[in-house]
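Participant: give me a 3D structure for the following:
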Amino acid sequence: MEQSARPKVFDIELLGDSHELVYYPGSTIEGNVVIELTTPLRPIQGIKVVLGGIVFTNWEQRKETHGTVYKITFSEEETALDDITVEVSIRRDHTAVDAAPQQLVGLPTGKHTFPFTIQLSPDLTLPSSFESPFGYIRYTLTAGICTPELRQFYYTSAVKPVPICSNIDVNLPTYTLPITKSKEETAMRCLCCASGPITMTVTTDRSGYCSGESIAITVITENFSNRQLGSLQADLKQIVRYHGEPTTLHGRYVRNAYTRSKDVITSVSTVIQSIKGAPDWSNKLMCIPVIVPTISNSQIVQVAYTLDVFLEIHNASNLHTEIPIVIGTIPYKGPTAANAVDLGYTSDTSPVYNDDENYGDLHYAPIYSYVKNYQFAPAEADSEASYVNHAITSDRISLI
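Facilitator: Model (predicted):
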């Protein structure tokens, strides 16, 4: 059967403002397939819309063996979301209908819009959308015109990225409890004479946060040595781990994982003016910018965060401790369940990473939610008002 001329426009439109379109398990994706024809389209069976997701990694490493340098490519792929397919059939009046008609229908010249709806199950455990030069997690909608012969796609160039994030609720008890870590260092006066210890105790108000919220950091230092203390610094760091298919080199397995060096997302620091027994930092706030949520439910791409705290000691090794931090997507509601979160959105843009090398294909640049107007109040204040006035906002990453 002879094919008709290709449509002038064949596109997918998602309903809603562009900066609002962040989806989660349980969300409903609504949109339109838009077709514009300059010549009539021969009779077709209908239109098929498919939502799918993949995780993909790919990177190169060089290894030298007996003076010869080899370039090894690691790559792997897994399914993030099994295809969800909806079929839109067409009436003779060229409008959409859920049930398949008894006859084939052609489309005349002009613009045609066909709505569709896809429901994401709340039971899905989906890794959040992610993009980098070494791997990505992508969800896409693909639309195609379906012919009667085996109901195959006749024209399939309509592809739309869909940002999807995990449901990570930072109100769960696992994430609302404070975390405390201590570190001790004994400074040396000379080769074999030790002075008193220097201790640093770090406490965070909880372990789970959303972008836009603030980590409240309390640090107590005790100096029983003759060393002078310098600055105190806290860094929020991101660790991304990629996995690739095993590759052999001369019959031996080589490393099949690549961990990106820790990137500092944000920092706070101060010069120590220590009074023994008193906090050097008492609920020092570190605001979390727009960043990728924690990803732990993929086998080949994982994203984790740590709060690294450093205490500078003059003429001695610095003290350092790490606290694991989870970045979630359902914001903190405060000490009582009555503190509702007002949902709102903005189109402001902020970079997620520090340098251009961290970006993959910006056509798939994800949108992430963040909390707007977050206000912190110490637990002992038990102030409900401090947690009411924050709103969810979404932000698309952009190059610096």
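
Participant: so residue 221 sits against residue 309, correct?
Facilitator: No: using Cβ atoms under 8 Å, residue 221 makes no contact with residue 309, being 10.4 Å away. C-beta: built from backbone N, CA, C; applies to glycine.

Participant: what is in contact with those two at once?
Facilitator: Common contacts of residue 221 and residue 309, defined by Cβ atoms under 8 Å, 6 or more residues apart in numbering, comprise 200, 232.

Participant: low-confidence stretches in this protein?
Facilitator: Counting by pLDDT under 70, the low-confidence segments of the chain come to 1-5, 17-20, 91-103, 148-157, 187-195, 246-255, 260-262, 272-279, 335-362, 379-400.

Participant: what residue spans form the domains of it?
Facilitator: What automatic domain parsing lists as the domains of the chain is 9-161, 173-396.

Participant: got those domains as JSON lines, with distance to residue 167 and mean neighbour count columns?
Facilitator: Below are the domains of the chain laid out as JSON lines (distance: least, Cβ to Cβ, whole Å; neighbours: other Cβ atoms under 10 Å):
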{"stretch": "domain 9-161", "distance to residue 167": "5", "mean neighbour count": "16"}
{"stretch": "domain 173-396", "distance to residue 167": "6", "mean neighbour count": "17"}
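
Participant: ok, and the closest non-adjacent residue to residue 141?
Facilitator: Excluding the flanking residues, the one nearest residue 141 by Cβ to Cβ, 6 or more residues apart in numbering is residue 160, at 4.3 Å.

Participant: ok, now which ones touch residue 143?
Facilitator: Per Cβ under 8 Å, 6+ apart, neighbours of residue 143: 10, 12, 33, 47-50, 156, 158-160.

Participant: is it bridged to anything, and to what?
Facilitator: residue 49, residue 158 (DSSP bridges).

Participant: also residue 311?
Facilitator: Beta-bridge partners for residue 311, by DSSP bridges, are residue 232, residue 319.

Participant: who are the contact partners of it?
Facilitator: 183, 198, 200, 219, 221, 229-230, 232, 272, 318-320.

Participant: those: which two are farthest apart?
Facilitator: Longest distance between any two of the contacts of residue 311 is 15.6 Å, between 183 and 230; criterion Cβ to Cβ.

Participant: pipe the contacts of residue 143 into TSV and attach distance to residue 374 per row.
Facilitator: Converted to TSV, the contacts of residue 143 look like this (distance: Cβ to Cβ, whole Å):
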residue	distance to residue 374
10	42
12	34
33	39
47	43
48	43
49	37
50	38
156	44
158	39
159	36
160	32
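
Participant: now, among these, which is nearest to residue 113?
Facilitator: For the contacts of residue 143, the residue nearest residue 113 by Cβ to Cβ is residue 33; the value is 7.4 Å.

Participant: so what touches the helix or strand the closest one falls within?
Facilitator: Counting by DSSP states H and E, the element that carries residue 33 is strand 28-37. Applying Cβ under 8 Å, 6+ apart, the contact partners of strand 28-37 are 5, 7-16, 23, 41, 47, 49, 51, 88, 107-120, 141, 143, 145, 158, 160, 162.

Participant: from the residues you listed, which land in helices?
Facilitator: When DSSP state H defines the helices, the subset of the contacts of strand 28-37 inside them is empty.

Participant: just those residues: which are in strands?
Facilitator: Among the contacts of strand 28-37, the members falling in strands (DSSP state E) are 9-14, 41, 47, 49, 51, 88, 107, 110-119, 141, 143, 145, 158, 160.

Participant: phi, psi of residue 228?
Facilitator: phi -90, psi 140 (degrees, to the nearest 10).

Participant: my guess is it meets residue 271, correct?
Facilitator: No: using Cβ under 8 Å, residue 228 is not in contact with residue 271, being 11.1 Å away.

Participant: who does the helix or strand harbouring residue 72 touch, helix- and strand-wise?
Facilitator: According to DSSP H and E, residue 72 maps onto strand 68-90. Packing contacts for strand 68-90, counted by 3 or more Cβ pairs under 8 Å, 6 or more residues apart in numbering; DSSP states H and E, involve strand 46-65, strand 96-97, strand 110-119, strand 135-146.

Participant: got the angle between that strand and strand 110-119?
Facilitator: Angle, strand 68-90 to strand 110-119, by axes from the mean of the first three to the mean of the last three Cα atoms, to 10 degrees: 110 degrees.

Participant: neighbouring strands of the helix or strand where residue 201 lies in the sheet, and parallel or not?
Facilitator: Per DSSP H and E, residue 201 falls inside strand 194-204. Here strand 194-204 is paired, per DSSP bridges, with strand 179-188 (antiparallel), strand 214-223 (antiparallel).

Participant: these: which one's closest to residue 134?
Facilitator: Set against residue 134 and scored by Cβ to Cβ, the strands paired with strand 194-204 come closest in strand 214-223, at 27.4 Å.
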